[in-house]
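In: A predicted structure for the sequence below; I have some questions about it.
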Amino acid sequence: MDRYLPQSLMVLFSIILIIIIPYQINVTSSTILNARLLPMLLGISILILSLLSLIPWRKLYKSSLVKTETKEKSNIPYKKHYFKILLIFIDIVLWIVLAPIIGFILATTLVLFVCALTAGYNRLLMASVFSLFFSILLYFLFVALLNVSLPALPIFL
């Protein structure tokens, strides 16, 4: 059961997220393309993918899989994955705190960069360019298409 703890926590998180979104995001128009759309899609996607990761796919397709894992690999403890999950959680909490202070683009770039490094992506230049590009893209998506105001620049500029 300890093996499925991260997936179970993500299922719980996504259900809470889906329940909380209508109370946290006010909608002024009755169209389907509003400020709640993207967070709801993300919450539903997290829920579906977490539920899919709980399914023991190896047992379902055991006959078609070739056993390539050694006994040592199958006994790797999952505790080192908990540290990565905790680091990403702390990173997201820091984003919530830093976004109003240093702006959406800088805070999101920092969060995406740290998450890429935490996930094991070693190409620093590519991770930083992707983080900056994706942050700018998200900013303009929210501001231009969804008419959501976000903190653009740091307060101290």
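Out: Noted; the coordinates are in hand. Numbering: from 1, shown residues only.
In: spatially nearest residue to Pro100 (excluding sequence neighbours)?
Out: Setting aside the residues directly before and after it, Pro100 is nearest to Pro151 in space (CB to CB, 6 or more residues apart in numbering), at 5.2 Å. Heads up, the C-betas are built off the backbone N, CA and C, glycines and all.
In: Ala99 is in contact with the one you found, correct?
Out: Yes: here Pro151 reaches Ala99: they are 6.0 Å apart, a contact under CB atoms under 8 Å.
In: so, low pLDDT: which residues of this protein?
Out: 1-2, 32, 57-79, 154-157 (pLDDT under 70).
In: longest helix anywhere in it?
Out: Criterion DSSP state H: the longest helix present in the chain is helix 79-102.
In: next, the buried residues of the helix or strand that comes right after that one.
Out: Where DSSP states H and E defines the elements, the next helix or strand beyond helix 79-102 is helix 104-119. Residues of helix 104-119 classed as buried: 104-116, 118 (neighbour count, 16 or more other CB atoms under 10 Å).
In: who's in contact with Ile105?
Out: Residues in contact with Ile105 (CB atoms under 8 Å, 6 or more residues apart in numbering) are Leu132, Ser135, Ile136, Tyr139, Ala152.
In: make a PyMOL selection of the buried ones in those residues.
Out: Filtering those down to the buried ones (16+ other CB under 10 Å) takes a single PyMOL command:
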select buried, resi 132+135+139
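In: CSV please, covering the contacts of Ile105 and showing secondary structure and distance to Lys80.
Out: Output for those, formatted as CSV (DSSP: H, G, I helix; E, B strand; the rest coil; distance: CB to CB, whole Å):
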residue, secondary structure, distance to Lys80
Leu132, helix, 29
Ser135, helix, 29
Ile136, helix, 33
Tyr139, helix, 34
Ala152, coil, 38
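In: ok, and the closest non-adjacent residue to Ser53?
Out: Using CB to CB, 6+ apart and skipping residues adjacent in sequence, the residue nearest Ser53 is Gln7, 4.7 Å away.
In: isn't that neighbour up against Leu54?
Out: Yes: between Gln7 and Leu54 there is a contact under CB under 8 Å: 5.0 Å.
In: the two: who's more crowded?
Out: Comparing Gln7 with Leu54 by other CB atoms under 10 Å, the one with more neighbours is Gln7, at 16 against 11.
In: so what's Asp91 up against?
Out: Val111, Val114, Cys115, Thr118 are the contacts of Asp91 under CB under 8 Å, 6+ apart.
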